[in-house]
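Let's see this in three dimensions:
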Amino acid sequence: MTPVLEVKDVTVRFGGVIAVDKASVSIEAGELIGFVGPNGAGKTTLMRVITGIVKPQQGSVTLEGKDLTGLSINQRVRAGLALAQQIVQPLRGMTVLNNVALACGTAKTANPFKAIKSFDKRAERATALALLTRVGLQDVADNEPSKLPLGYLKRLEVARALALKPRLLLLDEPLAGLNQSEASSLADLIKTLNHDGLSILLIEHNLREVMRVCPKVYVQDLGKSLAFGEAKKIMSRPDVIAAYLGKG
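Sure thing, here's the model as predicted:
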């Protein structure tokens with residue numbers, strides 16, 4: 001079976017600094033993988049390679065067997081990649097519902113002439129409301145994002161990503177800045193989305209929640225692939241513990 005995502009021997013250099021060093025990871029369809037590692041491990045850089053923000057000096061990234069080399073961020077999104085970012089930046093002048101409805105209209109916005117002629121937004125608004133219900137935000141659909149707490153905005157970011165109908169959902173530290181109750185609740189939502197069949201790569205520093213909801217983890221340290229496999233086994237390995245706590 002072709003992996004939904006395959007990162008192979010990716011290397012990224014910034015001047016004389018090697019941020020990612022021949023990193024490789026493969027995700028099968030329907031998997032929820034926790035992507036972890038200490039600060040400075042190169043996690044964000046590798047995520048940016050996957051999304052097309054950073055161009056690697058070496059290696060390849062494929063989505064369901066399709067080579068993403070040379071594709072723009074927009075093209076990768078239309079190929080089936082969606083990213084929910086750590087720093088949430090919704091369109092403040094729109095309601096929560098319209099933020100998601102706009103993302104639901106990507107098929108129309110692909111062609112500017114088609115977009116100009118598309119006045120009827122009822123289908124997109126109906127889909128957006130269904131997605132807001134899925135992430136637990138249906139009661140604030142008509143609110144402006146500026147009036148919502150961070151926990152709600154994180155869920156809004158997930159809903160906007162889901163509106164793109166991704167084959168793979170990338171989550172960049174969605175639990176950052178949340179209290180334990182909010183983090184646990186959002187982690188439960190991520191687990192539910194995965195149980196519904198969505199493939200997810202979760203970058204996260206909250207190891208407690210990663211271990212609770214992710215069957216497998218991929219560990220990166222100093223830009224290199226360190227370990228990949230069953231979460232409990234991997235996180236109990238001496239080399240993984242040393243990467244987090246130090247050699248001493």
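
contacts and neighbour counts: CA atoms only from here.
Noted.

for the lengthiest helix in the chain, which positions count as buried?
Longest helix of the chain, by residue count under DSSP state H: helix 180-195. Of the residues in helix 180-195, Glu182, Ala183, Ser184, Leu186, Ala187, Leu189, Ile190, Lys191, Leu193, Asn194 count as buried by neighbour count, 16 or more other Cα atoms under 10 Å.

For those, name the two members farthest from one another.
Within the buried residues of helix 180-195, two members stand farthest from each other by Cα to Cα: Glu182 and Asn194, at 18.6 Å.

which other residues reach the longest helix of the chain?
By Cα atoms under 8 Å, 6 or more residues apart in numbering, the surrounding residues in contact with helix 180-195 are Gly30, Glu31, Leu32, Val135, Gly151, Arg155, Leu175, Ile200, Glu209, Val213, Cys214.

and of those, the nearest to Leu68?
Ile200 (17.9 Å).

got a list of what that closest one touches?
Here Ile200 is in contact with Gly30, Glu31, Leu32, Ile33, Leu168, Leu169, Leu170, Leu171, Asn194 (Cα under 8 Å, 6+ apart).

do the same with Arg125
Contacts of Arg125 by Cα under 8 Å, 6+ apart are Leu97, Asn98, Val100, Ala101.

Now for the second one, how many residues are close by?
The reference is to Asn98. 21 (other Cα atoms under 10 Å).

quick one: Ser60 from Lys8, how far?
From Ser60 across to Lys8, the span is 5 Å (Cα to Cα, to the nearest Å).

neighbour-wise, which of those two wins?
Ranked by neighbour count (other Cα under 10 Å), Ser60 and Lys8 place Ser60 first, with 19 against 16.

which SSE is the more buried one in?
Using DSSP states H and E, Ser60 maps to strand 58-63.

Rank the helices and strands of the protein by mean pLDDT and give me the bottom one.
helix 112-117 (a mean of 57; mean pLDDT, DSSP states H and E).

and Ile234, that's in a helix?
Yes - assessed by DSSP: H, G, I helix; E, B strand; the rest coil, Ile234 belongs to a helix.

about what we covered before: which element follows the strand holding Ser60 toward the C-terminus?
With secondary structure assigned by DSSP H and E, strand 58-63 is succeeded by strand 66-67.

So for the following helix or strand past that next one, what gets flagged as buried?
Later in the chain than strand 66-67, the nearest helix or strand by DSSP H and E is helix 73-79. For helix 73-79, burial by neighbour count (16+ other Cα under 10 Å) applies to Ile73, Arg76, Val77, Arg78, Ala79.

Make TSV out of those and add pLDDT.
Output for the buried residues of helix 73-79, formatted as TSV (pLDDT from 0 to 100):
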residue	pLDDT
Ile73	94
Arg76	96
Val77	94
Arg78	93
Ala79	94
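
Leaving out chain neighbours, which residue sits closest to Glu173?
Glu204 (4.5 Å; Cα to Cα, 6 or more residues apart in numbering).

Can you verify my assumption that that neighbour contacts Gly177?
No - assessed by Cα atoms under 8 Å, Glu204 is found out of contact with Gly177, at 11.6 Å.

between those two, which one's more packed in?
Set side by side, Glu204 and Gly177 show more neighbours around Glu204, with 21 against 14, by other Cα under 10 Å.

Which pair of the contacts of helix 180-195 spans the longest distance?
The farthest-apart pair in these, when distances are taken by Cα to Cα, is Gly30 and Gly151, at 25.6 Å.

hang on, the earlier thing: ok now the strand holding Ser60, how far from the chain's centre?
17 Å (Cα atoms, centre = their mean, to the nearest Å).
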